[in-house]
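Student: Sequence plus the predicted model coming up.
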Amino acid sequence: MRILRLTALRRLELQNAPTPELRSPHDVRIRVTRVGVCGSDVHYYAEGRIGSQVVRYPFAVGHECAGVVETVGPAVRRVRPGDHVAVEPAISCGTCDQCRMGRPNTCRSLKFLGCPGQLEGSLADVIVMPETNCLPLPAGADDDLGALSEPVAIALYAVRQSGPVAGRHIAVLGAGPIGLSVILAARAEGATAVYATEPVPERRAAALRAGAAWAAHPEDDDPVAELARRAPAGLDVVFECCGRQSAVDQAIAMLRPGGTLSMVGIPSVDRISMPIDLARRKEVRIQNVRRQAHCAEPALERLANGQIDARWMITHRFSLEHAPEAFELVEHLHDGVLKAMIHLDGTP
């Protein structure tokens, strides 16, 4: 089978590899049809690491994926050959203290697709996953939505972790695919008003399309002053979705006393600080977000029934052979790219 691997910084090579076999009676072999290029994939591509997770070459990234079931183990009951499925990329053990506490996303033995030291990614013709990680596509969903369900699940989880947002005023700092998904999820969960900041003009426009009431440049438009005018009491929740120090500083200033700062973005640096005097006096609640838990199927259902409309975020499509162009595009944010989707099934 074909597999696309990183072989050095900013170097992706298409290689041949043995087709993976079922290892467990509960395993499912999936022929991959779609893989979305995620910001974390680009961190590995351009920087070779995310924090302590360092790439050892060669290595395949990719985890936002969907495909068609090819073969199932004898104990599999959830899916059968021919089914189209979205893939939950995190394999949790189910037995550690975190899993028993309902926190599979912080499982002590977590294995994640495309994460160095854990599992090679889904930029391959075929992958094998446990049946619990295979989500049959409901009516109204296709492989595009199956792949999009992973970032949307993260956004839905982030929104729910921040507390009830119905009737509240929130901001999303950073309008890449995750930030846009947070806007969509917050609106679906009943947020009264969503404000956004984003330096890229096309992404500011996308934030408005996703349902933001206002979108501005984070440095040129003084969003702290403008939001103080629009929401004099301060915002209930601010979602930091770009991993930047300046966004954390602005978020603390925007929040009302007792408000919540939700840390969703992945910084390129090892440490982020905050204006602690203001954060302490406001008694700001800080919620870090680690991927998602229990939101994969709700996200897929909301995409399928139209409660969350995210298909328009797919702006560019590439074959597996041209996937390096997709990574280059996403790294440099050229051509108004939001979500680049890799097609492995030969469809245009």
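Tutor: Yep, that arrived.
Student: Show me the protein divided up by domain.
Tutor: Recorded structural domains for the chain (assignment: automatic domain parsing) are 2-136+310-343, 153-288.
Student: Go through these and pick out the most buried.
Tutor: Mean neighbours per residue, mean count of other CB atoms under 10 Å, is largest over the domains of the chain for domain 153-288, with a mean of 20. C-beta: built from backbone N, CA, C; applies to glycine.
Student: can you map out the helices along the chain?
Tutor: For the chain, the helices defined by DSSP state H occupy 39-47, 97-100, 143-161, 177-188, 201-210, 223-230, 245-254, 276-282, 296-305, 323-332.
Student: How about residues contacting stretch 317-337?
Tutor: 2, 4, 10, 12, 14, 37, 39, 41-42, 45-46, 123, 125, 200, 202-203, 315-316, 340-344, 346, 348 (CB atoms under 8 Å, 6 or more residues apart in numbering).
Student: Pull up the distance across that stretch, start to finish.
Tutor: Using CA to CA, to the nearest Å, the end-to-end distance of stretch 317-337 comes to 10 Å.
Student: Kindly provide the whole-number mean pLDDT of that stretch.
Tutor: The average pLDDT for stretch 317-337 rounds to 97.
Student: Now do Val269 against Gln245, distance only.
Tutor: Val269 sits 8 Å away from Gln245, going by CB to CB, to the nearest Å.
Student: How about Ala323?
Tutor: Going from Ala323 to Gln245 by CB to CB gives 31 Å.
Student: now swap in Pro25 and tell me
Tutor: As for Pro25, its distance to Gln245 is 49 Å (criterion: CB to CB).
Student: isn't Ala279 right next to Ile252, touching?
Tutor: Yes: with contact defined as CB atoms under 8 Å, Ala279 counts as touching Ile252 (5.0 Å).
Student: which residues are in contact with both of these two?
Tutor: Common neighbours of Ala279 and Ile252 (CB under 8 Å, 6+ apart) are Leu261.
Student: Pass me the low-pLDDT residue ranges in the stretch 51-200 of the chain, would you?
Tutor: Applying pLDDT under 70 to the stretch 51-200 of the chain flags no residue at all.
Student: And the strands in it?
Tutor: Using DSSP state E, counting those that start in this stretch, the strands of the stretch 51-200 of the chain run over 53-54, 64-72, 84-87, 90-91, 111-112, 126-130, 134-136, 169-173, 193-197.
Student: For Leu148, find the nearest of those.
Tutor: strand 64-72 (7.3 Å; CB to CB).
Student: In contact with the residue nearest to Leu6 when sequence neighbours are not counted, which residues are there?
Tutor: Once flanking residues are discounted, Leu6 sits nearest to Phe59: 5.2 Å by CB to CB, 6 or more residues apart in numbering. Going by CB under 8 Å, 6+ apart, Phe59 touches 5-6, 44, 116, 120-121.
Student: what's the answer for Arg281, then?
Tutor: Going by CB under 8 Å, 6+ apart, the list of residues near Arg281 reads Pro257.
Student: related to what we said a few turns ago, with respect to Pro151, which of the strands of the stretch 51-200 of the chain lies nearest?
Tutor: Nearest to Pro151, of the strands of the stretch 51-200 of the chain and by CB to CB, is strand 64-72 at 6.2 Å.
Student: just checking, what packs against that closest one?
Tutor: Judged by 3 or more CB pairs under 8 Å, 6 or more residues apart in numbering; DSSP states H and E, strand 64-72 is in contact with strand 27-36, strand 84-87, strand 126-130, helix 143-161.
Student: what about the ones you listed, which gets the closest to Val72?
Tutor: Across these, Val72 has its closest neighbour in strand 27-36 (5.2 Å, CB to CB).
Student: Work out which residue lies at the spatial centre of this structure.
Tutor: When CA atoms, centre = their mean is applied to the chain, the residue found nearest the centroid is Pro151 (3.1 Å).
Student: isn't Arg108 right up against Cys93?
Tutor: Yes: between Arg108 and Cys93 a contact is recorded at 7.1 Å, counting by CB under 8 Å.
Student: pLDDT wise, what is Ser268 at?
Tutor: Ser268 is given a pLDDT of 86.
Student: Now it: phi and psi?
Tutor: Reported as degrees, to the nearest 10, the phi and psi values for Ser268 are phi -90, psi -10.
Student: For it, list the residues it contacts.
Tutor: 43, 47, 243.
Student: give me that answer again for 7 Å
Tutor: Taking CB atoms under 7 Å, 6 or more residues apart in numbering, we find Ser268 in contact with 47, 243.
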